[in-house]
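Enquirer: Following is a predicted model, sequence given first.
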Amino acid sequence: MHKSARIIFLIILVSLPISNGWTQDFSRKFSLGLQSGFWKPGLTDHSDIYTMGDQGSLSFTCKVKEKISLGFSTAYATTWEADLSSMGGAGAGFTFSRKQDANQFTQIWLDAFMEYSFRPLEKLNPYCLGGLGLAFWDIKNKNGEYIQVSDLNQAYFDLKDQELTFVGGVGLEYRIKEKWSLVVGTKFHYLTHTLTNFTGAKDIAGASPGELDLPKATLEIFLGVNFHFGNLSDSDKDGVPDREDFCADTPRGAKVNDKGCPIDSDGDGIYDGLDKCPDTPAGTKVDANGCPL
């Protein structure tokens with residue numbers, strides 16, 4: 001199977017378990033998110049030579065059930081070789097200090113995921129997510145040229161690759177306005193070595209002596225903002241969203257309370273807003289307009 005066809009198949013596979021949710025109607029189905037933060041790569045032999053890096057991402061989600069959304073995201077991240085001269089052999093840790101003439105490590109993620117919201121109707125909503133993605137990475141020198149390494153046949157090639165990844169994450173969304181919310185969270189990517197170019201004579205990645213120490217996992221921490229498209233569904237147009245409306249068939253024009261139920265101040269059976277005689281004495285017979293007969 002062609003590589004691009006396999007990628008498309010994997011994305012479709014992620015979507016299938018919740019595809020039947022598309023037939024249901026949910027308000028504010030679509031959301032667009034913009035995030036920025038820091039990330040840290042881990043390598044195949046668990047060495048720690050890279051600084052904390054910067055990353056930015058764009059996400060799009062579609063609600064398919066009240067608590068479940070299908071999402072896609074793309075992210076761009078960079079980091080550099082750390083200045084280990086003062087680390088005492090302990091590794092780079094969470095430093096931002098790069099060494100002179102440091103090589104640059106760049107990674108791009110494309111993810112397809114399912115997101116579960118624990119309290120989607122509340123102002124403070126914890127969530128978790130999981131899915132599959134693709135990671136494209138490369139390592140370049142200070143002049144922007146690819147670092148080259150030799151394969152088992154002593155032929156040189158550029159140090160770059162793409163791999164299938166597993167992605168998981170947790171976060172917290174805080175609604176600040178009707179359509180806007182802040183989000184803080186973390187993601188973890190595990191690179192599976194599937195779809196890699198490091199095969200055959202290029203199969204030199206690993207933790208054993210003489211093998212190449214390559215990206216294996218990444219951890220990201222981010223802060224962002226989400227915009228929710230559309231308005232809350234209000235079938236009877238009484239100003240109270242369906243999710244909060246205890247009286248879903250209120251006549252058009254009737255005044256309602258905060259639960260969406262009609263108000264009848266004078267108790268004559270004609271709702272406020274439709275009652276042309278709103279102060280009818282108790283017990284008085286009225287016509288269809290709420291006025292005494």
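Expert: Ah, there it is.

Enquirer: Give the ranges of residues in the stretch 1-150 of the chain that sit below the confidence cut-off.
Expert: Residue ranges of the stretch 1-150 of the chain with pLDDT under 70: 1-28, 88-89.

Enquirer: got the contact list for residue 278?
Expert: Contacts for residue 278 (CB atoms under 8 Å, 6 or more residues apart in numbering) come out as 265-266, 272, 290. To be clear about C-beta, it is placed using only N, CA and C from the backbone, and glycine gets the same treatment.

Enquirer: How is residue 130 assigned, secondary-structure-wise?
Expert: Judged by DSSP: H, G, I helix; E, B strand; the rest coil, the three-state class of residue 130 is strand.

Enquirer: Name the residues linked to residue 117 by a beta bridge.
Expert: residue 127 (DSSP bridges).

Enquirer: tell me the contacts of it?
Expert: 67-69, 125-127, 173.

Enquirer: any chance of these in a markdown table, with secondary structure too?
Expert: Shown next, in a markdown table, are those (three-state DSSP):
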| residue | secondary structure |
| --- | --- |
| 67 | coil |
| 68 | strand |
| 69 | strand |
| 125 | strand |
| 126 | strand |
| 127 | strand |
| 173 | strand |
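
Enquirer: so what's residue 162 bridging to?
Expert: residue 136.

Enquirer: Touching, it and residue 197? I think so.
Expert: Yes - counting by CB atoms under 8 Å, residue 162 touches residue 197, with 7.3 Å between them.

Enquirer: of these two, who's got more company?
Expert: Neighbours around residue 162 and residue 197, counted as other CB atoms under 10 Å, are more numerous at residue 162. The numbers are 19 against 14.

Enquirer: one step back: among the contacts of residue 117, name the buried ones.
Expert: Listed as buried from those are 69, 125, 127, 173; burial here means 16 or more other CB atoms under 10 Å.

Enquirer: quick one: the third one and residue 114 touch, right?
Expert: No - under the criterion of CB under 8 Å, residue 127 is not in contact with residue 114, lying 10.6 Å apart.

Enquirer: do you know how far the residue nearest the centre of the chain is from residue 226?
Expert: Ranked by distance to the mean C-alpha position of the chain (CA atoms, centre = their mean), the top residue is residue 59 at 5.3 Å. Distance, residue 59 to residue 226, using CB to CB, to the nearest Å: 8 Å.

Enquirer: and what of residue 51?
Expert: 29 Å.

Enquirer: higher neighbour count, the two?
Expert: residue 51 (24 against 20).

Enquirer: dump the residue contacts of the nearest residue to that one once chain neighbours are set aside.
Expert: Leaving out its chain neighbours, the residue that sits closest to residue 51 by CB to CB, 6 or more residues apart in numbering is residue 82, at 4.6 Å. Neighbouring residues of residue 82 by CB under 8 Å, 6+ apart: 48-51, 92, 95, 97-99, 102.

Enquirer: Swap in 6 Å and give it another go.
Expert: 51, 92, 95 (CB atoms under 6 Å, 6 or more residues apart in numbering).

Enquirer: same deal with residue 49?
Expert: 81, 92.

Enquirer: Give me the distance between it and residue 43.
Expert: 7 Å.
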